[in-house]
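Colleague: okay, predicted coordinates and the sequence, questions at the end:
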Amino acid sequence: MIRIFAVTDDLELIKDIPMDRLSDPNIKWYWVDFDSPAEEEAKLLKTYFNFHPLAIEDCLHFLQRPKLDHYEGYDFFVLHTLNQSSLMPEEVDVFVGHNFIVTFHLTSSVEIGFIQQRLLEDRTILSKGAKYIYYLIMDKIVDGFFPSVYQMEDELNEIEAKDADQNLIEDVYEIRKKLLRLRRTIFPMRELLYRILNSENLIIPKEERIYFMDIYDHLLKLSEMIESNREMTADIRDSYLSINSDRMNTIMKTLTVMTSVFVPLTFIASIYGMNFEYMPELTWHLGYFGVLTVMLVVGSIMLIGLWIKGWFK
Amino acid sequence: MIRIFAVTDDLELIKDIPMDRLSDPNIKWYWVDFDSPAEEEAKLLKTYFNFHPLAIEDCLHFLQRPKLDHYEGYDFFVLHTLNQSSLMPEEVDVFVGHNFIVTFHLTSSVEIGFIQQRLLEDRTILSKGAKYIYYLIMDKIVDGFFPSVYQMEDELNEIEAKDADQNLIEDVYEIRKKLLRLRRTIFPMRELLYRILNSENLIIPKEERIYFMDIYDHLLKLSEMIESNREMTADIRDSYLSINSDRMNTIMKTLTVMTSVFVPLTFIASIYGMNFEYMPELTWHLGYFGVLTVMLVVGSIMLIGLWIKGWFK
Amino acid sequence: MIRIFAVTDDLELIKDIPMDRLSDPNIKWYWVDFDSPAEEEAKLLKTYFNFHPLAIEDCLHFLQRPKLDHYEGYDFFVLHTLNQSSLMPEEVDVFVGHNFIVTFHLTSSVEIGFIQQRLLEDRTILSKGAKYIYYLIMDKIVDGFFPSVYQMEDELNEIEAKDADQNLIEDVYEIRKKLLRLRRTIFPMRELLYRILNSENLIIPKEERIYFMDIYDHLLKLSEMIESNREMTADIRDSYLSINSDRMNTIMKTLTVMTSVFVPLTFIASIYGMNFEYMPELTWHLGYFGVLTVMLVVGSIMLIGLWIKGWFK
Amino acid sequence: MIRIFAVTDDLELIKDIPMDRLSDPNIKWYWVDFDSPAEEEAKLLKTYFNFHPLAIEDCLHFLQRPKLDHYEGYDFFVLHTLNQSSLMPEEVDVFVGHNFIVTFHLTSSVEIGFIQQRLLEDRTILSKGAKYIYYLIMDKIVDGFFPSVYQMEDELNEIEAKDADQNLIEDVYEIRKKLLRLRRTIFPMRELLYRILNSENLIIPKEERIYFMDIYDHLLKLSEMIESNREMTADIRDSYLSINSDRMNTIMKTLTVMTSVFVPLTFIASIYGMNFEYMPELTWHLGYFGVLTVMLVVGSIMLIGLWIKGWFK
Amino acid sequence: MIRIFAVTDDLELIKDIPMDRLSDPNIKWYWVDFDSPAEEEAKLLKTYFNFHPLAIEDCLHFLQRPKLDHYEGYDFFVLHTLNQSSLMPEEVDVFVGHNFIVTFHLTSSVEIGFIQQRLLEDRTILSKGAKYIYYLIMDKIVDGFFPSVYQMEDELNEIEAKDADQNLIEDVYEIRKKLLRLRRTIFPMRELLYRILNSENLIIPKEERIYFMDIYDHLLKLSEMIESNREMTADIRDSYLSINSDRMNTIMKTLTVMTSVFVPLTFIASIYGMNFEYMPELTWHLGYFGVLTVMLVVGSIMLIGLWIKGWFK
Ligand SMILES: [Mg+2]
Ligand SMILES: [Mg+2]
Ligand SMILES: [Mg+2]
Ligand SMILES: [Mg+2]
Ligand SMILES: [Mg+2]
Ligand SMILES: [Mg+2]
Ligand SMILES: [Mg+2]
Ligand SMILES: [Mg+2]
Ligand SMILES: [Mg+2]
Ligand SMILES: [Mg+2]
Ligand SMILES: [Mg+2]
Ligand SMILES: [Mg+2]
Ligand SMILES: [Mg+2]
Ligand SMILES: [Mg+2]
Ligand SMILES: [Mg+2]
Ligand SMILES: [Mg+2]
Ligand SMILES: [Mg+2]
Ligand SMILES: [Mg+2]
Ligand SMILES: [Mg+2]
Ligand SMILES: [Mg+2]
Ligand SMILES: [Mg+2]
Ligand SMILES: [Mg+2]
Ligand SMILES: [Mg+2]
Ligand SMILES: [Mg+2]
Ligand SMILES: [Mg+2]
Ligand SMILES: [Mg+2]
Ligand SMILES: [Mg+2]
Ligand SMILES: [Mg+2]
Ligand SMILES: [Mg+2]
Ligand SMILES: [Mg+2]
Ligand SMILES: [Mg+2]
């Protein structure tokens, strides 16, 4: 579907006019949005706008890295939005010329829809031109990264708060995986903003620059939160491993103490359970109590020995 | 609450004058401090001072990264102070113009209060102007980082000094977590100072530069202490894991020796405990002593075998 | 085998003409491809083309790093293609002059073959000259990296989907090894493209530059996928280790509970299995049931003790 | 204590002259050394030399990072010497002007003492001026780092040579800790030398530069040794962990084999140790030998089974 | 021993002429090689050549880092060759002036000997001058690094090919140690080549530059092989640890199953092995078979319980 917004010299907004009227002299600037376009519609990138084949290829083919290319007469941006449920990136392509903006996305985009709604409601935007639309889209996309990153922080805090149980490692692993996914979207976007702010070819006027720096600030903060949380998860995991090894020590000590004490005693008892005809001790009057005393002594020696070696600390 | 300090051309300090008198020609410079301001008060940022909407947004909204923005007529700084109990950052925003400083913080700040006290007591500051107030705030904030970092070093030294017990890993984990928190405040502040010292837009006169370099020195030292202590904790944890694995070896050896020696002996005894009517050995005169001898031999073989394999080292 | 493609001033393509006709004035540009050349053929690099001895050495000797050398009158490139089955690099050497391209490879190359086929079919290439052939080869080689990297992602997703079993670690190890191999080919190729785009000696016209940037984009994306997947595998492995340690804890607890409960009981039973003549308890009427009760109490105490210590959580 | 060395225009060395004679016109250059100065003496930094308050603060307060500050008329250096027993840094502060050097240290310094001794003995130094003294101090300090680093290498070689025993991990941990300490002194000193060599404000003449590069070489080599040794220790520790896990496997196999073989046999024997009145097998003539045969078979099956599963490899 | 090679203006090679004839006007260039020189001979560096004291100190004292120093009239290089058996570096020092080369090494050097042999055999070198000798030495040294690195790759492949046994970890550790040693020689040599290629003071003519770039290529490839192989060893070790932990799980499961099944059964049998006079079950006709049935049920329950919990997977 193609949505067209054109702004006249009188700052009036016209929706869905035919494409060939866009070059009318009284059109101050326009926005053409290719929203999940049909194959036929996508061909307009070539036939109507005459964009560079490499840029069109980037639109139509599989997921590109966020980037910025300078072409004669327009700049071409690949942006990544975040799919909130899968945390995987989705692509929004933007062509920005001096009096037009063309957006292209193979799946529908919440962020683009939101800006179009705002355009209809807030007429002050009309005077600011096509580049300001680009800023609004970018800003909206980056704002959309925050809920997912904050959710990761919350999940991590929950994990920390509750007692370490057997799901902890799997929970930590899931968070690490999600953080890695977020990073794959957010870091290249940060690099793109850095390039936008420092590109020699794309000189942004000083009063606009501050707006893109505001977006860059957000991306820097997001990056730091992601990295910091990944370190946090690594710390949790490493500590858990150490605590587990501590517990294992306790378990094995218990087992070894039980075994070391009772196995020799049971052996002694089993000797006097043998059925030999000639076993002199069996006939001694105090044989039984003597053996019980021996067992008491042996058991005590074992326990004292282990206690001296520090096993009960 | 809004606190106002104005300095007249005669270097007199006037407190809490009405805001509209700040533009009086005999006011040399002034400091307006928004301390946990009410919503109405915060609106003065826009209505009275006419600061840029992006800067005001940074003041009012959630925690920003420390940063420096240049606006027409003033510079805008976001600073982080350290909440001493939670070790989490708190934000202090500062606007510095040629004859004014405006500070803004949503919670009250010990550091700002300290500088205001000093302003009242030390009249030599009055001649140095608004920028010097900014330096004093910054210096005070960074000095406030040291106690927490030193405390981490002390806790780490304590952990090292005492014997490794079961709480060690949890203590180390807590210190690592706190160091990570300190890092999240201190590293971005260090980056901010670096930008202040190297920004092309914010040319600091040479004699002032040395003061900011002194703060930067402190931040460099804090950074190194944090990183070095984190490495230290990683070393402690890794060594503890190895030592634990050593202990486990000792425990399991003990268990295996006990089992290897006594299980075969008990088995032999249990054979002669069977109640078969026809068991020739039982009637032998020396059967009992023969079996005891066999047990002695078997037990000795087991012990010697394990000793040869180096299990008793 | 040597394959020769020459393009005349009339943009006609001539195949396999004798080498000495390449300097004919009506030859606009030509491509000489040394495909697994015999020793005699390889000598033509020296005798016919008079290339620099160091470049020829790089062609003939063992695997070089991808690189770019500037010689008088031509540039020399070493490229790496990926052997799809072994994932090891294979070398393609390219000499590019103003009106010629010479390719050299000791084993036959799918990519080179593909471009030759395209040259025969798509006559529009003929007008674009020798440098465009170089771009086509490079682009084809880098496109050939994607299937292997995507396959790694697929294998990793499969591993994640299925339950952790004993082959998991070996599968993860194999993937890590393959990713390391891919990295050894792809990272130096990315560095080469970076050098091509930023070399001072090799000034690429702006309209060609965009084509090489397109290849560089691909290599950046491949690099990120490889690094991200290696981190993913490290996370899987580390989590598996932790889960394994959890399982071990469960196993050892089971063992220790069984032992702690039954070993004392069996010891008690073995006492009354002894055959001493004088054992007063044996003649008591309720001796047997008394012992059973004692056993019940001892066993219950053991179980309750372990339950209190949290072993059954 | 303050030590004063003054050199006259005739290159004569005068010791311990009163401070006010230092400005005599016939004094070519002088060195004032504040060795663990009393509070009164330290005030001379302000009252006599009029050094910048920030530099004086750096002298008097706690340990600074090694650094270089340029002030009007003199450069200020903070240097770190190594306390040979604790491996902790100690601070030596140096002010260097065109005709003077002032050194300041709160504890006495072996290195400073050595250079003073050399000054008294080697009169050729007198003609080289105050800056050369600074070079000599720096060189002596860095030479003092080598013994400690070499000792670490020696200790590491010893650890490698002897058999792995239970102290190994603690020894490795101690070495890692000491290397970390050495790094905290040596790395910032290396950074300082780098700044001295590359500072724009401190232009060193070419013939002096080679001397500071010689010191920088030493610091580079020390840095590499430290990093390399830390990697070595990490390798030793990781390998030890793996070897320990191997040993544990062997121990547990032994335990499991013993248990798997004897526990079923003992169970069989215990069945025929029961005292039931009606147990037909007990009266069979070959019952006893039959059970022994069954035990032999069961034991063999267990052993063969484990052997097939590869437990005896 | 000192070896002298002088080349006359007629490109004749004269060996072992007295040193004072080296300044003869008909000597085009010469090479003086100090091969394990006696103390007296080493003094010639000062007395005859008048080299800088710092350079002479670097020759005579302990192992330096590879480096490049510019002195008036000559460049001074410290190179590292590899001792093939110990894999430790050995030092070769080189002074290169416009018409001479002086080499200095405290132990005899295979590489230097090889170049001297080539000088005698290949007269074309004579016309190329002293600098070319320097290139030949450097090239020969770096070629000498390859066999050791290839051997590491081979050893690593062997380790991978054979089954994991108990020596694996020690083999991996040995390879890691050797790779670390190789790195200590090769990385600083790579840095040196980088400095040679990019030094502002040492401007290499373009046609010579390509030769040094060829050496740099080799060093880059060697560096990548070393790093890649170290990562490979880390992967092998980490995987081995995981596999070992898997095996341990299997062993412990076996032990726990055996214990869990037989210990309760043996306990039951031991109850009826007690010798109480009044034990009613003993006189029941089906007591024996009843107990056997109970044992079968208890054993089956244990096995089924463990099977349900997934222990036999
Ligand atoms: Mg991407
Ligand atoms: Mg990334
Ligand atoms: Mg903002
Ligand atoms: Mg940052
Ligand atoms: Mg960042
Ligand atoms: Mg960490
Ligand atoms: Mg922040
Ligand atoms: Mg950070
Ligand atoms: Mg200071
Ligand atoms: Mg630093
Ligand atoms: Mg730092
Ligand atoms: Mg570490
Ligand atoms: Mg390569
Ligand atoms: Mg690489
Ligand atoms: Mg593309
Ligand atoms: Mg990237
Ligand atoms: Mg990359
Ligand atoms: Mg990781
Ligand atoms: Mg320091
Ligand atoms: Mg450091
Ligand atoms: Mg030296
Ligand atoms: Mg270095
Ligand atoms: Mg270094
Ligand atoms: Mg390592
Ligand atoms: Mg070295
Ligand atoms: Mg290195
Ligand atoms: Mg080469
Ligand atoms: Mg490289
Ligand atoms: Mg490299
Ligand atoms: Mg790795
Ligand atoms: Mg590791």
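Modeller: Cool, the structure landed. Ligands and ions are numbered 1, 2, ... in the order given.

Colleague: please name the bridge partners of the closest residue to A:His52 other than its chain neighbours.
Modeller: Excluding its sequence neighbours, the residue lying closest to A:His52 (CB to CB, 6 or more residues apart in numbering or on different chains) is A:Tyr71, at 5.1 Å. C-beta coordinates here come from the backbone N, C-alpha and C atoms, glycine included. Taking DSSP bridges as the rule, A:Tyr71 bridges to A:Tyr74.

Colleague: gap between A:Tyr71 and C:Lys131?
Modeller: Relative to C:Lys131, A:Tyr71 is positioned 21 Å away (CB to CB, to the nearest Å).

Colleague: quick one: low-confidence ranges for chain A?
Modeller: Residues of chain A meeting the criterion pLDDT under 70: A:163-166, A:202-203.

Colleague: quick check: domain ranges of it?
Modeller: Each domain of chain A is listed here as a residue range: A:2-242, A:254-309, per the TED database.

Colleague: do the first one and ligand 6 meet?
Modeller: The reference is to domain A:2-242. Yes. Legend: contact between domain A:2-242 and ligand 6 by CB under 5 Å from the ion is shown at A:Glu231, A:Ala234.

Colleague: thinking again about what came up before, in TSV, list the domains of chain A along with distance to C:Asp139.
Modeller: As requested, these are exported to TSV (distance: least, CB to CB, whole Å):
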stretch	distance to C:Asp139
domain A:2-242	11
domain A:254-309	65
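
Colleague: can you tell me the closest non-neighbouring residue to A:Glu111?
Modeller: Nearest to A:Glu111 is A:Lys140, by CB to CB, 6+ apart, at 4.4 Å.

Colleague: swap in A:Tyr30?
Modeller: A:Ala6 is the one closest to A:Tyr30 (CB to CB, 6+ apart), at 4.1 Å.

Colleague: contacts for the helix or strand harbouring that neighbour next, please.
Modeller: A:Ala6 belongs to strand A:2-8 when elements are defined using DSSP states H and E. Residues external to strand A:2-8 that are found in contact with it (CB atoms under 8 Å, 6 or more residues apart in numbering or on different chains): A:13-17, A:19, A:21-22, A:26-35, A:37, A:41, A:44, A:116, A:119, A:126.

Colleague: and what of stretch A:70-83?
Modeller: Contacts of stretch A:70-83 with the rest of the structure, by CB under 8 Å, 6+ apart, involve A:51-52, A:55, A:58, A:64-69, A:88-97, A:100, A:109-111, A:134, A:137-138, A:141, A:144-145, A:148, A:182, A:185, A:188-189, A:192, A:199, A:201-202, C:210.

Colleague: quick revisit: more crowded one of A:Tyr71 and C:Lys131?
Modeller: For A:Tyr71 versus C:Lys131, the count of surrounding residues by other CB atoms under 10 Å in any protein chain shown is larger for C:Lys131: 19 against 15.

Colleague: for ligand 3, see how far away that one is.
Modeller: Plainly put, C:Lys131 is 47 Å away from ligand 3 if you go by CB to the ion, to the nearest Å.

Colleague: that residue: what's its closest spatial neighbour, skipping adjacent residues?
Modeller: Nearest residue to C:Lys131 in three dimensions, chain neighbours excluded: C:Val96, at 6.2 Å (CB to CB, 6+ apart).

Colleague: just checking, next helix/strand downstream of the helix or strand A:Gln151 falls within?
Modeller: In this assignment (DSSP H and E), A:Gln151 forms part of helix A:146-161. Past helix A:146-161, further along toward the C-terminus, the next helix or strand under DSSP H and E is helix A:168-198.

Colleague: buried set for stretch A:235-249?
Modeller: Under the neighbour-count criterion of 16 or more other CB atoms under 10 Å in any protein chain shown, stretch A:235-249 has A:235-249 buried.

Colleague: next: stretch A:4-12.
Modeller: A:Ile4, A:Phe5, A:Ala6, A:Val7.

Colleague: distance of A:Phe5 relative to A:Ile115?
Modeller: Plainly put, A:Phe5 is 10 Å away from A:Ile115 if you go by CB to CB.

Colleague: center of chain A, which residue is that?
Modeller: The structure's chain A has its C-alpha centroid closest to A:Leu179; by CA atoms, centre = their mean the separation is 2.6 Å.

Colleague: wait, doesn't that one sit right on A:Ile226?
Modeller: Yes. With contact defined as CB atoms under 8 Å, A:Leu179 reaches A:Ile226; the gap is 5.5 Å.

Colleague: who touches both of the two?
Modeller: Jointly contacting A:Leu179 and A:Ile226 under the rule CB under 8 Å, 6+ apart are A:Met152.

Colleague: in helices, which of the buried residues of stretch A:235-249 appear?
Modeller: The subset of those located in helices under the criterion DSSP state H comprises A:235-249.

Colleague: list just the nearest of those to A:Tyr278.
Modeller: Top of the list for closeness to A:Tyr278, among these and by CB to CB, is A:Asn249 at 47.7 Å.

Colleague: hang on, that closest one packs against B:Ile251?
Modeller: Yes. Here A:Asn249 lies in contact with B:Ile251, judged by CB under 8 Å, at a distance of 6.8 Å.

Colleague: the residue nearest to A:His52 and A:Lys43, how far apart?
Modeller: As it turns out, when the distance is counted by CB to CB, A:Tyr71 lies 19 Å from A:Lys43.

Colleague: repeat that for A:Gly97.
Modeller: When CB to CB is applied, the distance between A:Gly97 and A:Lys43 equals 19 Å.

Colleague: quick check: A:Thr103 is in a helix.
Modeller: No. Secondary structure of A:Thr103 (DSSP: H, G, I helix; E, B strand; the rest coil): strand, not part of a helix.

Colleague: about what we covered before: near chain B, from the ones in helices among the buried residues of stretch A:235-249?
Modeller: A:Asp235, A:Ile236, A:Asp238, A:Ser239, A:Leu241, A:Ser242, A:Ile243, A:Ser245, A:Asp246, A:Met248, A:Asn249 (CB under 8 Å from any CB of the partner chain).

Colleague: the fifth one and C:Ile4, how far apart?
Modeller: Remark: distance between A:Leu241 and C:Ile4 (CB to CB) = 64 Å.

Colleague: got it, and the fourth one?
Modeller: When distances are taken as CB to CB, A:Ser239 and C:Ile4 turn out to be 67 Å apart.

Colleague: same thing with the last one?
Modeller: With the distance defined as CB to CB, A:Asn249 ends up 75 Å from C:Ile4.

Colleague: list the contacts for the nearest residue to A:Phe187 once chain neighbours are set aside?
Modeller: Setting aside the residues directly before and after it, A:Phe187 is nearest to A:Ser223 in space (CB to CB, 6+ apart), at 6.3 Å. Contacts here follow CB under 8 Å, 6+ apart; on that basis A:Ser223 touches A:Arg183, A:Ile186, A:Phe187, A:Arg190.

Colleague: most neighbours among those residues, which one is it?
Modeller: For the contacts of A:Ser223, counting by other CB under 10 Å, the largest number of neighbours falls to A:Ile186: 25 neighbours.

Colleague: wait, that residue touches A:Leu220, no?
Modeller: No. Using CB under 8 Å, A:Ile186 makes no contact with A:Leu220, being 10.1 Å away.

Colleague: does the helix or strand containing A:Ile301 reach chain C?
Modeller: Per DSSP H and E: A:Ile301 is located in helix A:287-308. Yes. Under the criterion of CB under 8 Å from any CB, chain C is reached by helix A:287-308 at A:Gly287, A:Tyr288, A:Val291, A:Leu292.

Colleague: just the buried residues of stretch A:201-209, please?
Modeller: By neighbour count with 16+ other CB under 10 Å, stretch A:201-209 contains the buried residues A:Ile204.

Colleague: who does A:Trp29 bridge with?
Modeller: In this entry, A:Trp29 is beta-bridged to A:Val7, by DSSP bridges.

Colleague: hmm, it is touching A:Val102, no?
Modeller: No. Distance between A:Trp29 and A:Val102: 11.6 Å, which falls outside the contact criterion (CB under 8 Å).

Colleague: how big is the angle separating the helix or strand containing A:Phe267 from helix B:168-198?
Modeller: A:Phe267 belongs to helix A:206-271 when assigned by DSSP H and E. With axes from the mean of the first three to the mean of the last three CA atoms, to 10 degrees as the criterion, the two stretches helix A:206-271 and helix B:168-198 enclose an angle of 170 degrees.
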